[in-house]
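[1] For reference, the sequence and a predicted model appear below.
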Amino acid sequence: MADHLAAPTPLPEHQKLAAFAGEWAGEEMVYPSRWTAGGPATSHVVARMALNGFYLIQDTRQMRDGKESFATHGMFTYDREDRTYKLFWHDSLGYYSPAPASGAWVGNKLTLVRGSLRGNARHVYEVVDDNSYTMKVQFSPDAEGWADVLTGVYRRIH
């Protein structure tokens, strides 16, 4: 009889990402930056646990003035090797990071930071309750002073 290695199964750390699975309506504030003028926006977020429960795949479409203004595709996971959460992020500005954002949960808040030649981005997701969460994306040239780029409140669509 041949020995078969059991396939890995998701850890509780992976399962924790399911807090963000579902369909969400977002009310956002976009801050003025070199990419865009500031102002309010709405977004539609669809996220699901996938690939045997190891990843949360999240797609967002942001609307401003009746038109799609920004879209993202994110893949979140837990890295069993270095014991941190990872976020692989792609967006409609065409930027991609040479490495994923990396971070951890502290209480009900997941903070992930990534660096690039343009500077540093920090994503902070906070679970408010089963039907809402907040998110902010911040930018820093030096990873010390952080400025908001986008903030939002997301409510589950039932």
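    Now that the structure is in, tell me what you want to look at.

[2] Packing partners of the helix or strand of the chain with the lowest mean pLDDT?
    Across the helices and strands of the chain, mean confidence by mean pLDDT, DSSP states H and E is lowest for strand 109-116: a mean of 92. Secondary-structure packing of strand 109-116 (3 or more Cβ pairs under 8 Å, 6 or more residues apart in numbering; DSSP states H and E): strand 84-91, strand 101-106, strand 119-129. No exception for glycine: its C-beta is placed from N, CA and C like everyone else's.

[3] Please identify the buried residues of it?
    Residues of strand 109-116 classed as buried: 110, 111, 112, 113, 114 (neighbour count, 16 or more other Cβ atoms under 10 Å).

[4] I'd like to know which of the helices and strands packed on strand 109-116 is closest to residue 27.
    strand 119-129 (13.1 Å; Cβ to Cβ).

[5] Partner strands of that closest one, with direction?
    strand 109-116 (antiparallel), strand 132-140 (antiparallel) (DSSP bridges).

[6] Now those strands in CSV, please, with extra columns for distance to residue 64.
    Below are those laid out as CSV (distance: least, Cβ to Cβ, whole Å):
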stretch, distance to residue 64
strand 109-116, 25
strand 132-140, 16
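
[7] Ok, which of those comes nearest residue 60?
    From the strands paired with strand 119-129, taking Cβ to Cβ, the stretch that ends up closest is strand 132-140, at 9.5 Å.

[8] got the buried residues for that closest one?
    Across strand 132-140, burial judged by 16+ other Cβ under 10 Å covers 133, 135, 136, 137, 138, 139.

[9] Would you mark the buried spots in the next helix-or-strand element following it?
    Next helix or strand after strand 132-140 toward the C-terminus (DSSP states H and E): strand 147-156. Buried residues in strand 147-156, counted by 16+ other Cβ under 10 Å: 148, 149, 150, 151, 152, 153, 154.

[10] With stretch 13-21 instead?
    13, 14, 16, 17, 19, 20, 21.

[11] Please tell me the pLDDT value assigned to the fifth one.
    In this case it means residue 19. On pLDDT, residue 19 comes in at 97.

[12] Looking at the buried residues of stretch 13-21, which one is closest to residue 63?
    residue 20 (20.1 Å).

[13] Next, the distance between the ends of stretch 133-149.
    Length of stretch 133-149, first residue to last, Cα to Cα, to the nearest Å: 17 Å.
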